[in-house]
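Engineer: here is the input, now give the coordinates:
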Amino acid sequence: MEKNRTIKLIENVKNMIHKNIIKGVKGAVALVAMALSFVVCLGGSVDNAEAAQRVDRHFVDSLDGTGYYVDVKTINVQDNAVTADVYMVKSLYNTMYCYGVVYNLAEQSYQYTYTKIYQYDTRKLTSYSEVPSMVYGYSNAALGNNMIMEEVLRFCQEYHPDNMNTKNNTDVGEWLE
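Structural biologist: Numbering: from 1, shown residues only. Now for the predicted structure:
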């Protein structure tokens, strides 16, 4: 009698475990279905997310085979600081660098806050770093400072989104990774 009771208890536990497993699987399937539905519903928003990756580069200057461009959608001018994404294209090496640049106007300096490196012909991202660079000066060429970056700063400060600026626009709506 004790043996039959034990067997029934084991069978009841076994059935309970199976039912819970089945409920768990059904719950997991339902969760995956909800997640997929959510992704499909947001499909229209994907275009907005991708649009955020479009760049609007305008040519600023060139030096020693390197072209300097600014993504005008990223320009932010404040009292003592200017920020922008600056692109340096070295077509000879099929490489394009994107730097998040912060200018400190009071100190006449700039610093790269992040770096993205692309293969130029495919626009494929090959490297990314959020390690800030050292601080560079931009105002005195005699001290070895980068005068082109001063031109980039001037461009950022003078840029106004109107029809006159379309002549420098080189990559409207270009998609980058």
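
Engineer: check which element follows the worst-scoring helix or strand of the chain on mean pLDDT along the chain.
Structural biologist: Lowest on mean pLDDT, DSSP states H and E among the helices and strands of the chain sits helix 43-51, with a mean of 40. Going down the chain from helix 43-51, the next helix or strand is strand 54-63, by DSSP states H and E.

Engineer: avg pLDDT for stretch 54-71?
Structural biologist: Throughout stretch 54-71, pLDDT has a mean value of 92.

Engineer: got the buried residues for it?
Structural biologist: 55-61, 66-71 (16 or more other C-beta atoms under 10 Å). Every residue, glycine included, has its C-beta placed from N, CA and C.

Engineer: now do stretch 70-77
Structural biologist: 70-72, 74-75.

Engineer: closest to Arg154 among the residues you listed?
Structural biologist: Val70 (10.6 Å; C-beta to C-beta).

Engineer: any idea which element the closest one lies in?
Structural biologist: strand 66-77.

Engineer: between strand 54-63 and that strand, find me the angle.
Structural biologist: 130 degrees (axes from the mean of the first three to the mean of the last three C-alpha atoms, to 10 degrees).

Engineer: what's in contact with strand 66-77?
Structural biologist: 54-62, 82-91, 98, 100, 148, 151-152, 155-157, 159, 161, 165, 170-171 (C-beta atoms under 8 Å, 6 or more residues apart in numbering).

Engineer: sorry, back to before: how about the buried residues of stretch 54-71, which pair is most distant?
Structural biologist: Maximum distance among these (C-beta to C-beta): 20.0 Å, for Asp56 and Thr66.

Engineer: can you give the domain ranges for the protein?
Structural biologist: 2-49, 55-172 (automatic domain parsing).

Engineer: worst mean pLDDT among the ones you listed?
Structural biologist: Comparing mean pLDDT across these, the weakest is domain 2-49, with a mean of 53.

Engineer: for the residue lying closest to Thr113 once chain neighbours are set aside, give me its contacts.
Structural biologist: Excluding the flanking residues, the one nearest Thr113 by C-beta to C-beta, 6 or more residues apart in numbering is Gly100, at 4.3 Å. For Gly100, the contacting residues are 74, 83, 85, 112-115, by C-beta under 8 Å, 6+ apart.

Engineer: could you report the distance from Gly100 to Thr126?
Structural biologist: Distance from Gly100 to Thr126, counting by C-beta to C-beta, to the nearest Å: 17 Å.

Engineer: returning to that earlier point: for Glu107, see how far away the residue nearest to Thr113 is.
Structural biologist: 18 Å.

Engineer: circling back: wasn't the residue nearest to Thr113 part of a helix?
Structural biologist: No. Counting by DSSP: H, G, I helix; E, B strand; the rest coil, Gly100 is not part of a helix but strand.

Engineer: good, we can wrap up now.
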